[in-house]
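# The following comprises the amino acid sequence and a computationally predicted model.
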Amino acid sequence: MSVQQMKWSTMESYLFPFDSLICMLLGISFTVWFTLLLVFIIVPAILGVSFGIRRLYMKSLIKLFEWATLRMERGAKEKNQHLYKPYSNGIIAKEPMSLEQEIQEMRREGAEPEFDMSDIFYFCRRGVESIVDDEVTKRFTAEELESWNLLTRSNYNFHHISTRLTALWGAGVLIRYGFLLPLRVTLAFTGVGLLVVLSSIIGLFPSGRIKNYVSDKVHLIENKPRNGGICVANHTSPIDVIILASDGCYAMVGQVHGGLMGVIQRAMVKACPHIWFERSEVKDRHLVAKRLSDHVADESKLPILIFPEGTCINNTSVMMFKKGSFEIGCTVYPVAIKYDPRFGDAFWNSSKFGMVNYLLHMMSSWAIVCSVWYLPPMSRREDEDAVQFANRVKAAIARKGGLADLLWDGGLKRDKVKEVFKEEQQKLYSKVLVGSSEDRSRS
Amino acid sequence: MGSRASSLLREEDIEEIKKETGFSHSQITRLYSRFHSLDKGENGALSREDFQRIPELAINPLGDRIINAFFPEGEDQVNFRGFMRTLAHFRPVEDNEKNKDGATGEPLNSRTNKLLFAFRLYDLDRDDKISRDELLQVLRMMVGVNISDEQLGSIADRTIQEADTNGDMCISFNEFTKVLEKVDVEQKMSIRFLH
């Protein structure tokens, strides 16, 4: 036994120096890593200094993507095959004529302006047009890109990739998962940790809480939301909140979550007064409205941040704004947020991906690039009601962000459309029929 | 998330659909991507619920009838071929059409076939006649609750009277065609597909 013990000890003494060497190396690399992180990212972020690395990064990425797409096109042409082209400008060209106009046009000349068997053509055509391309369902999936950005998730032409392109893609994967992802995960943990700790200590929002390599171009800063107002913005992902918060302090409105989100929410409440609702309370609109107006009336409290769409939309359009926040009667500061989809799609398709999956996608994209426009404040005019006011704000946001302005409800992501709209169509058509027979009886 | 589905469609299938319907290659791949995005169950076929999920179609008064037109007799699922075959009726008519459809020997988007599509929206029981009841049903769908039964009845009677030439109080396909002689069916029942 003593011989064996001696053998063990000699082996150990051989391994030991290597062991400690590895430990040392690990220790050194961690320290270096953290120092770099601190020096290059966190501290400049807190102080608001930029190194210009981001711009260079973005420019080179764009050039790379264009080259990649060209290669794919060339590859496809060589094999004499077709490349899938995304339908960013639509599959069909629709005619935006109203029901009355179309039916009047269809009436045979000289015939009685009454029911005609050809009236059915209008409904038929509109129905099939909506089957081929409708305005609503495509807003709930990620936007299709013109040029490939070297991410598998946005590639539609697998079989056209040449070897050089595959190599490039492989390098991209290495960079994204080997360097960017760990970098961002570390940042995230550090950031969230800092948030929880610091906000419990100081009453200030640490503005360095950046989860991604966010490069935001902020426009029109003179219109930043002020105390006693409500800030409304279009909603694409949870990152919207972070982006706006990194540029100003807001009181958030939202439902109380459990888990990690709950911890963050509770920590945030210690620093600034936010309004978190229980789900059961949300249904009681009066209670919600009262809490909001109380908060707004208090001039010392921060502006409220609300996303009136109620759900995440894919950033190609703005959907119906729920009128609740527009009934309160204070100044509204609209904000338009537009992401550049080429570097990484920020849209959270909550019916397809969970939070963790989404975060993984986010952190392994090239970058999240977004433009934020602060629009001049608006208040409700004497002659308009909450719905009209909401639509006016929505139109302004859509115009500035270059998004389509839709009247459809974002809730259609999950729910069926209300019967009321069908009845409206029927009423319109009846007017055409009956209205014309009234003319007939008059003449 | 784009359409990886475009890689699931084989070249031979695309060629066959091209011959049958006359759509171009890029139109077929784009429509396949659309088909795939409507197919929530991801089983390669669409059910009636998949169609009804489209809000603009759900509020169309004739929505259910149109959805019906996609499904062959007695079936609950429509595959991509069937989908394209029905959509082909709405291709604009061009002068140099060469593709043929088995049944009538004409291209799917000919004037006759467009009229047949519309006729079948009225003729629910597929007996090649539009009876007064069937006409009333379609009228009721289009106007909802806004017109009284009597008024609707008289509209239906008037329409049948005008169209019916052989006195059987029903509208046959030929009578239907004759009534719509002067209507520009080709334009009204066409959708401009982009290339």
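Structure received.
# how about stretch A:124-143: buried residues?
Along stretch A:124-143, these residues count as buried under the neighbour rule (16 or more other Cβ atoms under 10 Å in any protein chain shown): A:124-140, A:142-143. The way it works is simple: take the backbone N, C-alpha and C, and place the C-beta from them, glycine included.
# wait, does that stretch make contact with chain B?
Yes: part of stretch A:124-143 sits close enough to chain B to count as contact by Cβ under 8 Å from any Cβ of the partner chain, namely A:124-138, A:141-142.
# among these, which are in helices?
Secondary structure assignment by DSSP state H places A:124, A:125, A:126, A:127, A:128, A:129, A:130, A:131, A:132 of the residues of stretch A:124-143 next to chain B in helices.
# Just send the residues you listed back as CSV, with distance to residue A:338 and pLDDT too.
Rendered in CSV, the data for those read as follows (distance: Cβ to Cβ, whole Å; pLDDT from 0 to 100):
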residue, distance to residue A:338, pLDDT
A:124, 37, 89
A:125, 34, 88
A:126, 31, 88
A:127, 33, 89
A:128, 32, 90
A:129, 28, 89
A:130, 27, 89
A:131, 29, 90
A:132, 27, 88
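# Using JSON lines, lay out those residues together with distance to residue A:22.
Supplementary listing: those in JSON lines, determined by distance: Cβ to Cβ, whole Å:
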{"residue": "A:124", "distance to residue A:22": "74"}
{"residue": "A:125", "distance to residue A:22": "72"}
{"residue": "A:126", "distance to residue A:22": "70"}
{"residue": "A:127", "distance to residue A:22": "69"}
{"residue": "A:128", "distance to residue A:22": "68"}
{"residue": "A:129", "distance to residue A:22": "66"}
{"residue": "A:130", "distance to residue A:22": "64"}
{"residue": "A:131", "distance to residue A:22": "63"}
{"residue": "A:132", "distance to residue A:22": "62"}
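# Under a three-state scheme, what state does the residue of chain B most remote from its centre occupy?
Seen from the C-alpha centroid of chain B, the residue lying at the greatest distance (Cα atoms, centre = their mean) is residue B:150, 29.8 Å away. At residue B:150 the chain is in helix, as set by DSSP: H, G, I helix; E, B strand; the rest coil.
# For the chain, just list every one of the strands.
Just so you know, I chose chain A. Defined through DSSP state E, the strands belonging to chain A, from first to last, are A:92-93, A:214-219, A:230-233, A:251-255, A:275-277, A:304-306, A:317-318, A:332-340, A:368-374, A:404-405.
# Oops, wrong one, chain B.
B:45-46, B:78-79, B:129-130, B:171-172, B:192-193.
# Of the ones you listed, which is nearest chain A?
strand B:192-193 (4.2 Å; Cβ to the nearest Cβ).
# Was I right to think residue B:155 contacts residue A:115?
Yes: Residue B:155 lies in contact with residue A:115 (Cβ atoms under 8 Å); the separation is 4.8 Å.
# Counting neighbours, go ahead and name the busier of the two.
Just comparing residue B:155 and residue A:115: by other Cβ atoms under 10 Å in any protein chain shown the higher neighbour count belongs to residue A:115, 24 against 20.
# does any part of stretch B:121-134 sit near chain A?
Yes: among the residues of stretch B:121-134, B:121, B:122 lie within reach of chain A under Cβ under 8 Å from any Cβ.
# Could I get the average pLDDT for that stretch?
Along stretch B:121-134, the predicted confidence averages to a pLDDT of 87.
# same check, this time on stretch B:90-99
Averaged across stretch B:90-99, the pLDDT comes to 69.
# Contact partners for the nearest residue to residue A:130 once chain neighbours are set aside?
The shortest distance from residue A:130 to any residue that is not its chain neighbour, by Cβ to Cβ, 6 or more residues apart in numbering or on different chains, is 3.7 Å, and that residue is residue B:56. Listed by Cβ atoms under 8 Å, 6 or more residues apart in numbering or on different chains, the contact partners of residue B:56 are A:126, A:130, A:134, A:135, A:136.
# okay, residue B:56: pLDDT?
On the pLDDT scale, residue B:56 is placed at 88.
# And residue A:83, by the same measure?
With respect to pLDDT, residue A:83 scores 61.
# ok, now which ones touch the nearest residue to residue A:239 once chain neighbours are set aside?
Of all residues beyond its chain neighbours, the one nearest residue A:239 is residue A:346 (5.5 Å), with distances taken as Cβ to Cβ, 6+ apart. Contacts here follow Cβ under 8 Å, 6+ apart; on that basis residue A:346 touches A:236, A:237, A:239, A:315, A:339, A:362, A:368, A:370.
# Neighbours of the residue of chain B found nearest chain A, how many?
When you check chain B against chain A by Cβ to the nearest Cβ, the closest residue turns out to be residue B:144, at 3.1 Å. A total of 18 residues lie near residue B:144 under the criterion other Cβ under 10 Å.
# OK, contacts around it?
When the contact criterion is Cβ under 8 Å, 6+ apart, the partners of residue B:144 are A:422, A:423, A:426, A:427, A:430, B:61.
# Make a ChimeraX selection of the buried ones in those.
Burial among the contacts of residue B:144 is assessed by 16+ other Cβ under 10 Å; the matching ChimeraX selection reads:
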select /A:422,426,430 /B:61
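# Let me know the closest of the contacts of residue B:144 to residue B:47.
residue A:422 (20.5 Å; Cβ to Cβ).
# Give me the nearest residue to that closest one, chain neighbours excluded.
With sequence-adjacent residues excluded and distances taken as Cβ to Cβ, 6+ apart, residue A:422 is closest to residue B:59, at 4.4 Å.
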